[in-house]
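J.: what follows is a predicted protein model with its sequence.
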Amino acid sequence: MDSTPDPYEVDIPFGTRLKLSRTRRGLTREVLGGLVGRSASWVKALETGRLGTPRLPVLLRLVEALHLRDLAELTGEQSVPVELFSGPGHTLLPRVRASVNALTLGDDQPVPTVERLRARLAGAWRARHSAPNHRDVVGRLLPGLFDDAQRAVRGAEDGAQRRAASSVLSEVCSLAQFFIAYQPAQSLLWRVAERGMVAAQEAEDPHALGVAAWLLAQAHRDAGDWEAADAVTEEVSRHLERHLPDADTDVLAVWGALRFEAGYTAARRGEAGTAWRHWDTARKAAERLPASYYHPMTSFSRPVIGAHAVTVAVELRSGHEAVRQSGHAPAEAIPSRPRGARHRIEQARAHRLAGQRDEALRVLEAAHAAAPETVRYNAFARSMVLEELESRDPRRRDGAGVLAGRIGLMS
């Protein structure tokens, strides 16, 4: 039996709670410090008691990085539910959950054609990219798509039809992950991610497999399992490489997206050379795409590869380099409201790292204007707003207060 104290139940100092939580996640002090924008020596000072318990915004970043259930697991006192910094539960989440769980066995509904399903799915992706609040749109479409995709798989008359229907089901699972992400529904997210991967393998479709792997790698990385993220990106990248000589544009784009994911994970580890090498491979793939091309699921494209450079620099804690890269990657060039808003959040992180807090808040406000829901559910955005609520600058403090009210932090 594990005799290690449970930091949630035992009355022990904050520093010891932090160390126990960090070691249970398998994180070094350097990695944890990097995830919250601090140094390894700062983490050590907290763990040894040389520094006292940090302020709430920093505590929330620690809880996020350690994937804890509640703030009380670090403090032993202040209970703050995970929804405060991981995003609220959408009102349509119960409906989506029910559709994921439904088996639609034995109903007498007609079996839709794969062609019709693909047209509906393409329309759903277009709607998502154009919507300021994409979960409102996607959450209404997903239940019907899930039900009909399952009927199509079950009603397939031969192996070819079943593979085609499984490809659609895999991509419906991919769309569902965009809805579920950043909500308090981690078990649902994992079930959908794994179902999408199984369906893609049954489809024997390189494109569906690549998209499923792209999302599964992100799920592993966000859960702190970087080795699993690497395993997924490398194995599926090698599989897709065999198809590249004869592949269509979409498969090339997904392969490029996977190469960036490998770089993103390396950047999280602080491996600058590896991160930028993978990014450069992804850049070369993007340059082989038509200038107007935009992959509807991964967003991989020429404009987004510039946004990816900002993310790599931010994850490597290189604030001035991130700001420099940001100047070459305007959010306006990204033809998707939620993805453009996500890029603005990364730009805000860059300005914050560089000490440009006024500009960081301005960019966050622009992100909210473009896609309010993206900011509302993004943990980085919520953390930055929380920190500015304690700013000594009254203008930033007031501006953060207005934004906090708009994204639900004050409710």
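T.: Looks like it came in fine.
J.: I407: neighbouring residues, count only.
T.: Neighbours of I407 under the rule other C-beta atoms under 10 Å: 22. In this view, the C-beta of every residue, glycine as well, is placed from N, C-alpha and C.
J.: let me fix that, I meant to ask about P290.
T.: Applying other C-beta under 10 Å, we find 9 residues neighbouring P290.
J.: check the one 3 residues further on too.
T.: Y293: 15 surrounding residues under other C-beta under 10 Å.
J.: what's the nearest residue to it if we skip its chain neighbours?
T.: Counting by C-beta to C-beta, 6 or more residues apart in numbering, S301 is the residue found nearest to Y293 once chain neighbours are left out, at 5.7 Å.
J.: ok, L66 next?
T.: Nearest residue to L66 in three dimensions, chain neighbours excluded: S21, at 4.8 Å (C-beta to C-beta, 6+ apart).
J.: what separation do you get for the one you found and K44?
T.: Distance, S21 to K44, by C-beta to C-beta, to the nearest Å: 15 Å.
J.: higher neighbour count, those two?
T.: Ranked by neighbour count (other C-beta under 10 Å), S21 and K44 place S21 first, with 21 against 16.
J.: just checking, next helix/strand downstream of the helix or strand of the chain with the lowest mean pLDDT?
T.: The weakest-scoring helix or strand in the chain, judged by mean pLDDT, DSSP states H and E, is helix 83-86 (a mean of 52). Downstream of helix 83-86, the first helix or strand assigned by DSSP states H and E is helix 93-101.
J.: next SSE downstream of that next one?
T.: Later in the chain than helix 93-101, the nearest helix or strand by DSSP H and E is helix 114-130.
J.: put the alpha carbons of that next one into CSV.
T.: The C-alpha trace of helix 114-130 is given here as CSV (Å, rounded to 0.1, in the frame of the first residue of the first chain):
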residue,chain,number,x,y,z
VAL,A,114,-22.5,8.7,-45.8
GLU,A,115,-22.6,11.4,-48.4
ARG,A,116,-25.4,13.3,-46.6
LEU,A,117,-23.5,12.9,-43.3
ARG,A,118,-20.3,14.3,-44.7
ALA,A,119,-22.2,17.3,-46.1
ARG,A,120,-23.8,17.9,-42.6
LEU,A,121,-20.4,17.5,-40.9
ALA,A,122,-18.8,20.0,-43.3
GLY,A,123,-21.5,22.4,-42.6
ALA,A,124,-21.0,22.0,-38.9
TRP,A,125,-17.3,22.8,-39.2
ARG,A,126,-18.1,25.9,-41.3
ALA,A,127,-20.6,27.0,-38.7
ARG,A,128,-18.0,26.5,-35.9
HIS,A,129,-15.4,28.7,-37.6
SER,A,130,-17.8,31.5,-38.2
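J.: can you list the buried residues in it?
T.: Residues of helix 114-130 classed as buried by neighbour count (16 or more other C-beta atoms under 10 Å): 114, 117, 120-121, 124-125, 128-129.
J.: sketch out the low-pLDDT regions of the stretch 1-150 of the chain for me.
T.: The stretch 1-150 of the chain contains residues with pLDDT under 70 at 1-11, 69, 77-87, 106.
J.: could you rerun that using 80?
T.: For the stretch 1-150 of the chain, applying pLDDT under 80 flags the ranges 1-12, 25, 34-35, 37, 56-57, 60-61, 64-65, 67-71, 76-88, 103-108.
J.: again with the stretch 201-350 of the chain
T.: Along the stretch 201-350 of the chain, segments meeting pLDDT under 80 span 224.
J.: which parts of it are helices?
T.: Under the criterion DSSP state H, counting those that start in this stretch, helices of the stretch 201-350 of the chain are mapped to 206-222, 226-241, 249-269, 272-287, 302-315, 319-327, 337-353.
J.: so the last one versus helix 302-315, what angle?
T.: Comparing the axes of helix 337-353 and helix 302-315 via axes from the mean of the first three to the mean of the last three C-alpha atoms, to 10 degrees yields an angle of 30 degrees.
J.: show me what helix 337-353 is packed against.
T.: Applying 3 or more C-beta pairs under 8 Å, 6 or more residues apart in numbering; DSSP states H and E, one finds that helix 337-353 makes contact with helix 114-130, helix 302-315, helix 319-327, helix 357-370, helix 372-377, helix 379-388.
J.: out of those helices, deepest packed?
T.: Comparing the helices and strands packed on helix 337-353 by mean neighbour count (mean count of other C-beta atoms under 10 Å), helix 302-315 comes out on top with a mean of 24.
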